[in-house]
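Q: return atomic coordinates for the entry below.
(chains A, B, C and D)
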2 protein chains.
Amino acid sequence: MKPERAFRPNRASRLHPTLSGVERMAARDRAYHDLRYRILTGRLAPGTTLLETELAALLSLSRTPVREAAIKLAEEGLVSIRARHGITVRELTLRDVAEILDVFSALEIRAVALVARRGLARAEHDHLAGLLDRMEQSTEAGDIARWSDMDDDFHAGMVSLCGNPRLLRTLGEYWGQQYRARMLILPLRPSPRQSDIEHREILAAVGAGNEDAARRLHQRHRARADAQQLALLTNRLPPGEADET
Amino acid sequence: MKPERAFRPNRASRLHPTLSGVERMAARDRAYHDLRYRILTGRLAPGTTLLETELAALLSLSRTPVREAAIKLAEEGLVSIRARHGITVRELTLRDVAEILDVFSALEIRAVALVARRGLARAEHDHLAGLLDRMEQSTEAGDIARWSDMDDDFHAGMVSLCGNPRLLRTLGEYWGQQYRARMLILPLRPSPRQSDIEHREILAAVGAGNEDAARRLHQRHRARADAQQLALLTNRLPPGEADET
DNA sequence: TTTGGATATTATGTATACATTACGCAGCAA
DNA sequence: TTGCTGCGTAATGTATACATAATATCCAAA
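A: The predicted model follows:
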């Protein structure tokens, strides 16, 4: 696939790169981003099953690029390919979300620690601090949707400074996997005052170059936020079976 | 690709699944495992560039499955695909290894913490303890190659119990990426007494179900071992340029 | 001799053709 | 009615054909 930037600057382009720039794109990439976008936004509902041929017709392409896109989506866990049964949009189970958050948080904590080690430039710090200002305003105003968007930008903006492209790439993959769950609980979320406080603490530790504090604070933040998210999802998602290892 | 097990029980099958069982495999998977094996073991040297057509001829397949395999290898970072210039086996730079180890260790630490939370069955504990016994014997005997193999088995065996298939999958990907560097320093390694000690401590903490201790101990272990590995690789690998973010 | 431009070559990206194989259904028997 | 066997169908996996686009070379001119 194209050597695309791992974690793009704003949420819209993380969701669908083509929506920002109207550059010419290879068919395979178009297929990939198109399908991913439709899945993440629910335009292709979980459980939907399509054959390669049907997908190709849907996107006005031949099977080859569609197939390659489907393989990539399957590797990312967004669809499952069952030979001769078509390509099915995966439904997230509670267990899936727990698994995803486990990986995602481990990576994000490491990324934040790296940023702390590396240190923040003035402009970087100001940008992040500005986001926090606006998030606190949104909290006051009770605008949870706006807050959530900026929360996403804050996390993405922070980790994007870690200087490890591979880490960013993998993080981006898991971001896609948890996106639908995140959207699902958006209207259910209580006031994010506690998150606002923790974000300030994290930014302070990172800004001070205190790697160990940043790691501990972010770990606490994620543990709390992830537990809350899972709690909100309980009984709103199928549980998912335990696997036998 | 096939729904293969993320982190296989022994090193040989992690390196090349087909070497163990002689099951019939799809052409795409054959191509993938074949190429990956050749790259990891150096049979395809870094810098080697081949065209899709040449790879297809090499493996007696058509371009389609070879191409899909190459795309997957590129996503894993083992090769780079430059349009019209062929598929090049990537050379690891010091920077690459540092990036890889950063991600790998973050994931492994999380996995070990999960195992501690979950607890060890008697048989699992005994298996891992048995490995440590034999590793210590190898240390005494100065058989570093044998020690290294079992070290790998110990780490893989430990994380395979974490109960998170996604984590294992991603871990396996990064394992492949760092494999060549690991082999490179094998003959240079000093006596791994310190690792032996730390392994015992980690296993004890995990066995006791002490998640926090396990996390801390494993973090310390990886930090030390990774730093040592990087030190041994300095001046033996090209540095790699800093990226501008 | 060097530079610029045009053309030819060729590798990839995409489309399509073909072969294989697994699944479901029908029909028969218990 | 239920279960088993065999065959037909159709979706995938693989091969190949074709179009596109980029590079390199060659020739000419300065």
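
Q: shaky segments in chain A?
A: Scanning chain A for pLDDT under 70 picks out the ranges A:1-5, A:9, A:19-24, A:242-245.

Q: what's the first helix or strand after the longest helix seen in it?
A: Scanning chain A for the helix with the most residues, using DSSP state H, yields helix A:94-118. Where DSSP states H and E defines the elements, the next helix or strand beyond helix A:94-118 is helix A:122-141.

Q: what's in contact with that next one?
A: With contact meaning C-beta atoms under 8 Å, 6 or more residues apart in numbering or on different chains, helix A:122-141 is reached by A:120, A:144, A:146-147, A:150-151, A:153-154, A:157-158, A:161, A:191-193, A:196, A:199-200, A:203, A:207. All C-beta spots, glycine's among them, are computed from the backbone N, C-alpha and C.

Q: by how many degrees do it and helix A:94-118 diverge?
A: 140 degrees (axes from the mean of the first three to the mean of the last three C-alpha atoms, to 10 degrees).

Q: ok, now which ones touch the residue nearest to the spatial centre of chain A?
A: Taking C-alpha atoms, centre = their mean, the centroid of chain A lies closest to A:W175, which sits 2.1 Å from it. Contact analysis of A:W175 by C-beta under 8 Å, 6+ apart lists A:7, A:14, A:104, A:156.

Q: what's the first one sitting at in phi/psi?
A: Read that as A:F7. Backbone geometry at A:F7, expressed as degrees, to the nearest 10, gives phi -130, psi 100.

Q: that one and A:S13 touch, don't they?
A: No: assessed by C-beta atoms under 8 Å, A:F7 is found out of contact with A:S13, at 9.8 Å.

Q: picking up where we left off before, buried ones among the contacts of helix A:122-141?
A: For these, a burial check counting by 16 or more other C-beta atoms under 10 Å in any protein chain shown picks out A:120, A:144, A:147, A:150-151, A:153-154, A:157-158, A:161, A:192, A:196, A:199, A:203, A:207.

Q: picking up where we left off before, what's the helix or strand for the residue nearest to the centre of chain A?
A: helix A:165-185.

Q: quick one: that helix to chain centroid distance?
A: 2 Å (C-alpha atoms, centre = their mean, to the nearest Å).

Q: then stretch A:104-113?
A: On C-alpha atoms, centre = their mean, the centre of stretch A:104-113 falls 13 Å from that of its chain.

Q: before we move on, the earlier item: among the contacts of helix A:122-141, which are within reach of chain B?
A: A:L161 (C-beta under 8 Å from any C-beta of the partner chain).

Q: CA atoms of stretch A:206-221 as CSV?
A: Taking Å, rounded to 0.1, in the frame of the first residue of the first chain, the C-alpha atoms of stretch A:206-221 are listed here in CSV:
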residue,chain,number,x,y,z
VAL,A,206,5.7,15.2,29.3
GLY,A,207,6.5,18.9,29.0
ALA,A,208,8.8,18.5,32.0
GLY,A,209,10.6,15.6,30.3
ASN,A,210,9.7,13.3,33.2
GLU,A,211,9.4,10.0,31.4
ASP,A,212,8.7,7.9,34.4
ALA,A,213,5.9,10.2,35.7
ALA,A,214,4.4,10.4,32.2
ARG,A,215,4.3,6.7,31.9
ARG,A,216,2.7,6.2,35.3
LEU,A,217,0.2,9.0,34.8
HIS,A,218,-0.8,7.9,31.3
GLN,A,219,-1.1,4.3,32.5
ARG,A,220,-3.4,5.4,35.2
HIS,A,221,-5.4,7.5,32.8
